[in-house]
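> below: sequence and its predicted model.
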Amino acid sequence: MSNRSLANRRLTLPGGTDLAYRDNGRGTGESSGHELTLVLLHGFCGSSAYWEGLLPLLEPRYRIITADLRGHGNSSGAGDRVLQMEQLADDIAELISAIEGDNIVLLGHSMGGYAALALAEKYPDLLSGLGLIHSTPMPDSPEAQEGREKAAAALANNGIVPFVNGLVPKLFAPSNLESDLVARAKEIGYGTAAADAAAAALGMKQRPDRSSVLESLQIPLLLVAGSEDAVIPPAKVFAAQGSRTRTEVLEGAGHMSMMEQPEKLASLLEEWLKTELNV
């Protein structure tokens, strides 16, 4: 475990890539007679450390796996010029199989949500529930795709530090810009290699519209938006919904509610899990 990642274990994937992750073991709280495993996926230029404020609030009750996505945190590098969301989905499917968890509920933040939706499309039987936190099933607009190309070029030319310094303040609500959270998110982001961040940016650019995937899901679905999220506003988070969808807007949160409002997010997750999965 490093300052930029919470990972305490490694899984070697087919092909030799190492996927770093943290496993808290089994929750010790009261349950309703069956186990549940939460798998948390961070966003772009993040790591498992994005969840460090949320974990103490949930770990007493649940088994929680926090992964460092390929190219991030303590996991191996992307390995390709483009890091496809489908590759991230394959990685997490391997992790889910390896941990032998029961009743998997996958929670994806931003880019982690794109990977989670790709997994739900390819491996729907692995999941008992899905949560998208500040994410969307919609593809990039042409303008956003152009922005991804510019981001990749900036990373190649200038490196990770100036890129992260420009990116991170956009992720927080204006009221949180003076907090220590911004510096912490930057510190985590500096741990991403520039080439890996560029590969992830290009992978997000190429992701398809997965609205139909979300709409077809029969499992409980939670969509969480921040009222002050300038990256993925509520309308984009809620653009498509399944038959068992709950939508929630966290007032005053930007794109980083797991850091900005961990208590509110934890309370929401616990209430949703109790209502929808009886745990």
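Great, that's in hand.
> count of neighbours near residue 101?
By other Cβ atoms under 10 Å, the residues close to residue 101 number 22. To be clear about C-beta, it is placed using only N, CA and C from the backbone, and glycine gets the same treatment.
> which parts of the stretch 1-150 of the chain are helices?
Ranges of helices in the stretch 1-150 of the chain, per DSSP state H, counting those that start in this stretch, are 55-58, 85-99, 111-122, 142-158.
> single out the most deeply packed of those.
Among the helices of the stretch 1-150 of the chain, helix 111-122 has the highest mean neighbour count (mean count of other Cβ atoms under 10 Å), at a mean of 25.
> stretch 238-245: end-to-end distance?
10 Å (Cα to Cα, to the nearest Å).
> pLDDT (mean, whole number) over that stretch?
The average pLDDT for stretch 238-245 rounds to 95.
> now that stretch, how far from the chain's geometric center?
18 Å (Cα atoms, centre = their mean, to the nearest Å).
> flag every buried residue along it.
238, 240, 241, 242, 245 (16 or more other Cβ atoms under 10 Å).
> list the contacts for the fourth one?
If a contact means Cβ atoms under 8 Å, 6 or more residues apart in numbering, then residue 242 has 214, 215, 216, 217, 218, 219, 221 as its contacts.
> would you list the phi and psi of it?
Dihedral pair for residue 242: phi -90, psi -180, per degrees, to the nearest 10.
> quick one: buried residues of stretch 264-279?
Buried residues in stretch 264-279 (16+ other Cβ under 10 Å): 264, 265, 266, 268, 269, 270, 272, 273, 276, 277, 279.
> doesn't residue 257 make contact with residue 265?
Yes. Counting by Cβ atoms under 8 Å, residue 257 is a contact partner of residue 265 at 4.9 Å.
> now list whatever residues contact both of the two.
Joint contacts of residue 265 and residue 257 (Cβ under 8 Å, 6+ apart) are 133, 224, 250.
> which residue packs closest to the second one, ignoring adjacent ones?
Nearest-residue entry for residue 224: residue 133, 4.6 Å, with adjacent residues in sequence omitted and distances by Cβ to Cβ, 6 or more residues apart in numbering.
> for ChimeraX, what selects the buried ones among the contacts of residue 242?
Selection of the buried residues among these in ChimeraX, burial being defined by 16+ other Cβ under 10 Å:
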select :214,217,219,221
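> if we can go back for a sec, wait, which of the buried residues of stretch 264-279 is closest to residue 141?
Ranked by distance to residue 141 (Cβ to Cβ), those are led by residue 265 at 27.4 Å.
> pretty sure the closest one sits in a helix.
Yes. Using DSSP: H, G, I helix; E, B strand; the rest coil, the assignment for residue 265 is a helix.
> run the chain-centre distance for stretch 230-250.
The answer for stretch 230-250 is 15 Å, by Cα atoms, centre = their mean.
> any idea how far apart the tips of that stretch sit?
End-to-end for stretch 230-250, by Cα to Cα: 13 Å.
> swap in stretch 241-258?
22 Å.
> would you mark the buried spots in it?
Residues of stretch 241-258 classed as buried: 241-242, 245-246, 248-250, 252-258 (neighbour count, 16+ other Cβ under 10 Å).
> can I get stretch 259-268 in PDB, CA atoms only?
Provided in PDB are the C-alpha atoms of stretch 259-268 (Å, rounded to 0.1, in the frame of the first residue of the first chain):
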ATOM      1  CA  MET A 259     -14.400  12.600  -1.200                       C
ATOM      2  CA  GLU A 260     -16.700  15.700  -0.900                       C
ATOM      3  CA  GLN A 261     -19.600  14.000   0.900                       C
ATOM      4  CA  PRO A 262     -18.600  10.500   2.100                       C
ATOM      5  CA  GLU A 263     -21.100  10.400   4.900                       C
ATOM      6  CA  LYS A 264     -24.000  11.300   2.600                       C
ATOM      7  CA  LEU A 265     -22.900   8.800   0.000                       C
ATOM      8  CA  ALA A 266     -22.400   6.000   2.500                       C
ATOM      9  CA  SER A 267     -25.800   6.600   4.000                       C
ATOM     10  CA  LEU A 268     -27.400   6.500   0.500                       C
END
